[in-house]
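> Based on what follows, work out the 3D shape:
(chains A and B)
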2 protein chains.
Amino acid sequence: MSVTPHKPSAGSRITAVDTYDIRFPTSRELDGSDAMNPDPDYSAAYAVLRTDAGDGLEGHGFAFTIGRGNEIQVAALDALRPHLIGRRVDDMCADPGSVSRDLVGDSQLRWLGPEKGVMHMAIGAVVNATWDLAAKRDGKPLWRFLADAGPEWLVSQVDFRYIEDALAPDQALALLRRGRDGAGRREAALREHGYPGYTTSPGWLGYSDDKLTRLAKEAVADGFTQIKLKVGADLQDDIRRMRTAREAVGPDIRIAVDANQRWGVREAVAWTNALAPFDPYWIEEPTSPDDVLGHAAIRRAVHPVKVATGEHVQNRIVFKQLLQSGAVDVLQMDAARVGGVNENLAILLLAARYGVPVCPHAGGVGLCELVQHLSMFDYVALSGTTEHRVIEYVDHLHEHFEDPVRMVGGHYAAPHAPGFSATMRPKSIATYRYPDGTFWAADAAATREATA
Amino acid sequence: MSVTPHKPSAGSRITAVDTYDIRFPTSRELDGSDAMNPDPDYSAAYAVLRTDAGDGLEGHGFAFTIGRGNEIQVAALDALRPHLIGRRVDDMCADPGSVSRDLVGDSQLRWLGPEKGVMHMAIGAVVNATWDLAAKRDGKPLWRFLADAGPEWLVSQVDFRYIEDALAPDQALALLRRGRDGAGRREAALREHGYPGYTTSPGWLGYSDDKLTRLAKEAVADGFTQIKLKVGADLQDDIRRMRTAREAVGPDIRIAVDANQRWGVREAVAWTNALAPFDPYWIEEPTSPDDVLGHAAIRRAVHPVKVATGEHVQNRIVFKQLLQSGAVDVLQMDAARVGGVNENLAILLLAARYGVPVCPHAGGVGLCELVQHLSMFDYVALSGTTEHRVIEYVDHLHEHFEDPVRMVGGHYAAPHAPGFSATMRPKSIATYRYPDGTFWAADAAATREATA
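This is a model prediction of the structure:
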């Protein structure tokens, strides 16, 4: 995509919302396997906002899924098209939060959530596409677009409905004003050192112990100070794998463990405490993401192991309660699960209000590309620190993006290109579009031949 | 549909899952208008399980929506088809809970929830269709099919994952065994008197004060002892409408008020207390259905007004927490929001465990038809009482069902016909199928003519 300097005509409007069902055959390699998700095909329900501005700029956004059902997510994107076609691009980009509020507020679509699941992820995708377009038009990567924005404007982007009992607008404003102190110094530090990451690549459940050991040592050699292991399928296996990982990395590297919602409250406590001798740093998704009180009970019982969750937390309202009830030590924001950048801004503000570090979920398709921007904004202009904070990193599928993440010494390098790093390469779309992309068409032909 | 006595061949299988997008133009009459949903077009994403048993029996089920987006819900039903085609009907009907667990457990589809929103409602629809078929094959209305089942089997139908810390299987078994005492006497009482209902028909937000007064008086004359008013759009209006309603019905009829999630916690408390002089019985959906801690805070602050919620509560896990935290006085189960009869069985058991009365949400399209079965089962064979319990009743769209609810003196009469009362008349489907049914095709033609 060629990008020219932004001088759109004031009257330009959204002319098309193109949607794509894109699926990568990751299940064939057991990449991404865990106790709950044995065979994911990492997928994106992908939307492109096109305009008549004539500046070559488009807004790109997507919901991440793991295969079957991606077509439902695309149907939800398609349902939003009438809300977007004909909107004035200037208005949208001046106030992406208003786009979000309009979509969330459609009373008939709201019934399908409200603010959760398929419909909310679809809204998040097109709202993120709006933020992508806004940042591109401003010629800045999204993290800097946000960090340069005034606190008052950022507060105007947040929907405080249902969270005002925990975070009032004036409290949010105070946090953002405080966050400006030293922002220039931190921006320079970010450009020089990047933002710390941790890697899940060694710890997928489908990998052998030898592969686990090799990848864990490689991760340390690459500069990572934290790795993560998937657990929850079999306790004796997990004890062996945890011991293997600890032996591979030594005592000073953090090892997080991730149960992917496999357990109830009691099982979570017993299993986590059985792994405690190997010093797990956090237990992630020990139970249902809906169970605020369950997480609070688990946290009390597994101390000093930290409790982390968030990749499946549906919206700011559940995050609010996780914080109000002291249920988590680590909040794992996801860039493509909730209603877009503005809702994640609410979540970052809630976390700052309660002093809980945010360590985003990433991996999948493009989630690293997106979420780095939010953490970098948070560091530069809100929380002001990377202490106890790391962004998940998984080293696959980045090659499909125009502006892929760059890791340097276990750190995410700050993106330079304008936008939200959401734009997928046209060739990748043409190849992995389901079911008619070149890969899937050839795969179907081969299957027909094999069974003929 | 002709129904012949059930003697299906042991080998019969599911041969088709037919799905329909059915929409009724209710927004044109302001039926169903409330503070959050000003113009609903009551709709159903409808599924029919067909078999090769040759007995004329089909399983019918649906998700209820309010218009736009119903096609997303149908896409989700379609995504479940491959999980159902070819299944043995005997196995499904002997163990509908296993169908639910298989669908909820599909790891790729699970990502779209988990257990919430569009995907979960679709699973609920086809699981309810399975229960409908099972009850039809047994020749019993669903309420009696459940009441006649053994406690051990009912417990086997419940998915205790994520609720076992509040309700263990042996506790559920004890509740169901206790529930059998006097079941025969209660079944006779149910057949004679029916199950108490209350009516929302007078209180829609779009109605004039005169219409409110007239309908409220009619409701009392019809035998109802509780009515409900929609509130939350404008406080002064609500005070006037509440006064009007109280004057119409006198001091002895209960008036529930329903805010349909309009408020945050503080606003909910202030608004409810402003209506308190008119003695509202409960405040329903004062805030987001996701806000367990918010409901608990509201309940503490509006006593003695009761707090009710549930029609948008996504699953048993959130209901568990509402009960654990003492957040509700009244639990409002919905038959078509969660994952089917088996999940509602879990919810009824949780409510019984905590001693909280269940007053189901109904109305919409077919929700009265469905949920009456669950309350009647609860009365006969679980809670053993109708005290403090009423099923919502709204008097529209029943004519579209083969076995519509029958109200006698403000009570739901116990259904006789086998199944879950979910079967819609073929003519209604042919008329209101969207966009190609006869009503919608004529409507589109008229619109074209008017704008030509």
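> so what pLDDT did the residue in the stretch 51-200 of chain A positioned nearest to chain B get?
Nearest to chain B, among the residues of the stretch 51-200 of chain A, is A:Gly117, at 2.1 Å (CB to the nearest CB). Quick note: C-beta positions are derived from backbone N, CA and C, even for glycine. Note for A:Gly117: predicted pLDDT of 98.
> which residues sit in contact with it?
For A:Gly117, the contacting residues are A:Gln314, B:Leu112, B:Gly113, B:Lys116, B:Gly117, B:Val118, B:Met119, B:His120, B:Gln314, by CB atoms under 8 Å, 6 or more residues apart in numbering or on different chains.
> Check A:Ser375 too.
Contacts for A:Ser375 were tallied using CB under 8 Å, 6+ apart; they are A:Tyr195, A:Val358, A:Pro360, A:Arg389, A:Ile391, A:Tyr412.
> Then A:Arg406?
A:Tyr412, A:Ala413.
> got the phi/psi numbers for it?
Dihedral angles of A:Arg406 (phi, psi; degrees, to the nearest 10) stand at phi -120, psi 120.
> Can you check the pLDDT for it?
Looking at A:Arg406, its pLDDT is 98.
> Give me the contact list for the helix or strand A:Gly61 falls within.
For A:Gly61, the element it lies in under DSSP states H and E is strand A:59-65. By CB under 8 Å, 6+ apart, the residues outside strand A:59-65 that reach it are A:22, A:42-49, A:73, A:77, A:121-122, A:124-134, A:136, A:336-337, A:340, A:364-367, A:419-420, A:422-424, B:108, B:111-112.
> Keep only those of those residues that are in helices.
Counted as lying in helices by DSSP state H, out of these, are A:73, A:77, A:121-122, A:124-134, A:136, A:367, B:108.
> buried subset of these?
Those of the ones in helices among the contacts of strand A:59-65 that meet the buried threshold are A:73, A:77, A:121-122, A:124-134, A:136, A:367, B:108, by 16 or more other CB atoms under 10 Å in any protein chain shown.
> neighbouring contacts of stretch A:427-441?
Contact with stretch A:427-441 is made by A:20-25, A:43, A:46, A:70-71, A:399-400, A:444, as judged by CB under 8 Å, 6+ apart.
> Recalculate using a threshold of 7 Å.
With contact meaning CB atoms under 7 Å, 6 or more residues apart in numbering or on different chains, stretch A:427-441 is reached by A:Tyr20, A:Asp21, A:Ile22, A:Arg23, A:Phe24, A:Asn70, A:His400, A:Ala444.
> what about the second one, how many neighbours?
Number of residues near A:Asp21 (other CB atoms under 10 Å in any protein chain shown) recorded here: 23.
> Please check which residues sit opposite it as beta-bridge partners.
A:Ala45 (DSSP bridges).
> so what's it up against?
Counted by CB under 7 Å, 6+ apart, A:Asp21 has contacts A:Ala45, A:Asn70, A:Glu71, A:Val74, A:Arg433, A:Tyr434.
> which residues touch the first one?
The contact partners of A:Ala45, by CB under 7 Å, 6+ apart, come to A:Asp21, A:Phe62, A:Ala63, A:Thr65, A:Asn70, A:Gln73, A:Val74, A:Leu77, A:Ala125.
> ok, of those residues, which one's closest to A:His373?
Closest to A:His373 out of the contacts of A:Ala45 is A:Phe62 (14.5 Å), distances taken as CB to CB.
> about what we covered before: restricted to strands, list the contacts of A:Gly117.
Assigned to strands by DSSP state E, none of the contacts of A:Gly117 qualify.
> okay if I get these as a markdown table plus distance to B:Thr451?
Converted to a markdown table, the contacts of A:Gly117 look like this (distance: CB to CB, whole Å):
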| residue | distance to B:Thr451 |
| --- | --- |
| A:Gln314 | 40 |
| B:Leu112 | 38 |
| B:Gly113 | 41 |
| B:Lys116 | 40 |
| B:Gly117 | 36 |
| B:Val118 | 33 |
| B:Met119 | 38 |
| B:His120 | 39 |
| B:Gln314 | 41 |
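> Quick one: which of those is the most crowded by neighbours?
Greatest neighbour count in those, by other CB under 10 Å, goes to B:Val118: 33 neighbours.
> If I follow the layout properly, that one ends up in contact with A:Leu112?
Yes: the criterion here is CB atoms under 7 Å, and B:Val118 meets it with A:Leu112 at 5.3 Å.
> What parts of the stretch 1-150 of chain A come near chain B?
With CB under 7 Å from any CB of the partner chain as the criterion, the stretch 1-150 of chain A meets chain B at residues A:36-40, A:65-69, A:71-73, A:75-76, A:79, A:106-109, A:111-114, A:116-119.
> Can you say which of those are buried?
With neighbours counted by 16+ other CB under 10 Å, those contain buried members at A:36-37, A:40, A:65-69, A:71-73, A:75-76, A:79, A:106-109, A:111-114, A:116-119.
> Not counting its neighbours along the chain, what's nearest A:Val231?
Counting by CB to CB, 6 or more residues apart in numbering or on different chains, A:Asp238 is the residue found nearest to A:Val231 once chain neighbours are left out, at 4.3 Å.
> That neighbour contacts A:Ala274, correct?
No: using CB under 7 Å, A:Asp238 makes no contact with A:Ala274, being 8.0 Å away.
> Show me which of those two is the more surrounded one.
Just comparing A:Asp238 and A:Ala274: by other CB under 10 Å the higher neighbour count belongs to A:Asp238, 22 against 14.
> Give me the phi and psi for that one.
phi -70, psi -40.
> go on, A:Gly86?
According to degrees, to the nearest 10, A:Gly86 has phi 90, psi -10.
> picking that back up, specify which member of the contacts of stretch A:427-441 is nearest to chain B.
Distances from chain B to the contacts of stretch A:427-441, taken by CB to the nearest CB, are shortest for A:Asn70, at 8.5 Å.
> Contact partners for the closest residue to that closest one other than its chain neighbours?
Counting by CB to CB, 6+ apart, the nearest residue to A:Asn70 once its immediate chain neighbours are dropped is A:Ser43, at 4.3 Å. Counting by CB under 7 Å, 6+ apart, A:Ser43 touches A:Ile22, A:Arg23, A:Phe24, A:Thr65, A:Ile66, A:Gly67, A:Asn70, A:Val365.
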